[in-house]
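Peer 1: give me a 3D structure for the following:
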Amino acid sequence: MTTMGDVARLAGVSASTVSHVLNGTRNVNAATRLRVEAAIEEVGYRRNGVARSLAAGRTHTVGLSISALTNPYFGSLVHAVERALSDAGYVLIVGDSHDDVSSEQRVTGSLLDRQVDGMIVAPAAGSERTTLPEITRSQTPMVLIDRGEDVGFDRIVPENFGSAKGLTDHLLDLGHRRIAVVRGLAGISSTIERFDGHCAALAGRGIAVDPTLVVDGESSTDVAEREVRALMSRADRPTALVSLNNAMTIGTLKAIRGLGLSIPQDVAFVCYDDFEWSDLFEPRLTAAAQDVETIGVTAVELLLARIRGSEEPPRHIRVPTTFHHRNSCGCTSAPVRR
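Peer 2: Predicted structure coming up:
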């Protein structure tokens, strides 16, 4: 590994002169600066970023603990966060918690060991008793993203209850009464809020929730496919389906098509979460689309304010969704409704 001394010897100057050129701590005449820069290029010298960061008390890195990176929604969210941090001069380090508190603790512990300047966490179920207190004790600034209880941190989450209620209301408006719902991972606030919204829509029409029409998809493509296949194989299958995240939407579509059924002819379908390619499906998917860019950018803004020392009370921000009215719900004419 090349050192500052190697650069100094090649350029014929002192190590302190090389340091002044690198760090701009003292004026160096143009000819000397050119010799030092040429020597740096020739030997391939790179500054010790870790040592420099420790001396400055900052690493300019941010840790992100998030689940299911294979989920298209989370992939888009990571991209939005990384771009916003990069624009601010920070590097993002990502760990997949797999929505398991033990894995989450390993991920966040590793990120803290790397002395990240701040953390963005999509908390697993139960993290308010495990992971979050550990991060708090480290005095590392933190923002919760996508989900999380009101536990005294900045939090940026999508609107869940009203959006899910709107999806089920739309199916009810079309005359459906046997509406099944594919529910996400238990214990997650977004799962609870979206399911509550679905139930509220039914209650508003005087319809009791039928437990046999509640499918636990566990926020998994494979689980949703298996459970929806079982549901739709029954003689008393529902006339409409609501999927409450896009990993489960993929599984639901695979199950329906695997059974040789058609949307919306055999079952009407709507979903929470949208895909960039939803308009390429046939039928096109009626969906509640999250504003992933706003969620990611706002999370970064909140975290950077904390890193800079903000002592404002915790902010809890809900980002509205957009209803994309297409034709998987059975509507023959479906313009986008905003």
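
Peer 1: using PDB, write out every CA atom in stretch 283-300.
Peer 2: Listed next in PDB are the C-alpha coordinates belonging to stretch 283-300 (Å, rounded to 0.1, in the frame of the first residue of the first chain):
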ATOM      1  CA  PRO A 283     -55.300  -6.300 -17.400                       C
ATOM      2  CA  ARG A 284     -53.600  -3.200 -16.100                       C
ATOM      3  CA  LEU A 285     -53.500  -3.200 -12.300                       C
ATOM      4  CA  THR A 286     -55.700  -0.900 -10.200                       C
ATOM      5  CA  ALA A 287     -53.400   0.200  -7.400                       C
ATOM      6  CA  ALA A 288     -52.700   2.600  -4.500                       C
ATOM      7  CA  ALA A 289     -49.200   3.900  -5.400                       C
ATOM      8  CA  GLN A 290     -46.800   5.000  -2.700                       C
ATOM      9  CA  ASP A 291     -44.700   8.100  -3.400                       C
ATOM     10  CA  VAL A 292     -41.400   6.300  -2.800                       C
ATOM     11  CA  GLU A 293     -39.300   9.300  -3.900                       C
ATOM     12  CA  THR A 294     -40.900  11.600  -1.300                       C
ATOM     13  CA  ILE A 295     -40.600   9.000   1.500                       C
ATOM     14  CA  GLY A 296     -36.900   8.400   0.800                       C
ATOM     15  CA  VAL A 297     -35.900  12.100   0.300                       C
ATOM     16  CA  THR A 298     -37.800  13.200   3.400                       C
ATOM     17  CA  ALA A 299     -36.200  10.400   5.500                       C
ATOM     18  CA  VAL A 300     -32.800  11.700   4.500                       C
END
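
Peer 1: report the mean confidence score over it.
Peer 2: Taken as a whole, stretch 283-300 has an average pLDDT of 94.

Peer 1: buried ones in that stretch, by neighbour count?
Peer 2: Using 16 or more other Cβ atoms under 10 Å as the test for burial, stretch 283-300 gives 283-292, 295-300. Every C-beta, even on glycine, is put in place using the N, C-alpha and C of the backbone.

Peer 1: nearest to residue 72, of those residues?
Peer 2: Residue 72 lies nearest to residue 292 out of the buried residues of stretch 283-300, by Cβ to Cβ, at 9.8 Å.

Peer 1: so who does the closest one touch?
Peer 2: Contacts of residue 292 were listed using Cβ atoms under 8 Å, 6 or more residues apart in numbering, and they are 73, 76-77, 80.

Peer 1: out of the residues you listed, name the ones that lie in helices.
Peer 2: Secondary structure from DSSP state H places 73, 76-77, 80 of the contacts of residue 292 in helices.

Peer 1: could those be laid out in JSON lines, adding neighbour count, pLDDT and distance to residue 206?
Peer 2: Below are those laid out as JSON lines (neighbours: other Cβ atoms under 10 Å; pLDDT from 0 to 100; distance: Cβ to Cβ, whole Å):
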{"residue": "73", "neighbour count": "21", "pLDDT": "81", "distance to residue 206": "33"}
{"residue": "76", "neighbour count": "20", "pLDDT": "86", "distance to residue 206": "38"}
{"residue": "77", "neighbour count": "24", "pLDDT": "89", "distance to residue 206": "38"}
{"residue": "80", "neighbour count": "20", "pLDDT": "93", "distance to residue 206": "41"}
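
Peer 1: what residue ranges in the stretch 51-200 of the chain are flagged as low confidence?
Peer 2: For the stretch 51-200 of the chain, applying pLDDT under 70 flags the ranges 51-57, 68-70, 151.

Peer 1: can you give me the strands in it?
Peer 2: For the stretch 51-200 of the chain, the strands defined by DSSP state E, counting those that start in this stretch cover 61-66, 91-96, 118-121, 142-145, 154-158, 179-183.

Peer 1: so what does the fifth one touch, helix or strand wise?
Peer 2: When you say that, I think you mean strand 154-158. For strand 154-158, the elements it packs on are strand 142-145, helix 189-204, helix 292-307, strand 316-319, judged by 3 or more Cβ pairs under 8 Å, 6 or more residues apart in numbering; DSSP states H and E.

Peer 1: mind exporting that strand as CSV, just the C-alpha atoms?
Peer 2: Below are the C-alpha coordinates for strand 154-158, written out as CSV (Å, rounded to 0.1, in the frame of the first residue of the first chain):
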residue,chain,number,x,y,z
ASP,A,154,-38.7,11.0,13.5
ARG,A,155,-40.9,8.8,11.4
ILE,A,156,-41.8,9.0,7.7
VAL,A,157,-44.5,6.5,6.5
PRO,A,158,-47.0,6.1,3.7
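
Peer 1: that strand pairs with which strands, parallel or anti?
Peer 2: strand 142-145 (parallel), strand 316-319 (parallel) (DSSP bridges).

Peer 1: returning to that earlier point: looking at the ones in helices among the contacts of residue 292, which is nearest residue 330?
Peer 2: The nearest member of the ones in helices among the contacts of residue 292 to residue 330, counting by Cβ to Cβ, is residue 73 at 24.8 Å.

Peer 1: thinking again about what came up before, which one of the strands of the stretch 51-200 of the chain lies nearest to residue 29?
Peer 2: Evaluated over the strands of the stretch 51-200 of the chain, closeness to residue 29 peaks at strand 91-96, with 33.9 Å, by Cβ to Cβ.

Peer 1: many thanks, we can stop here.
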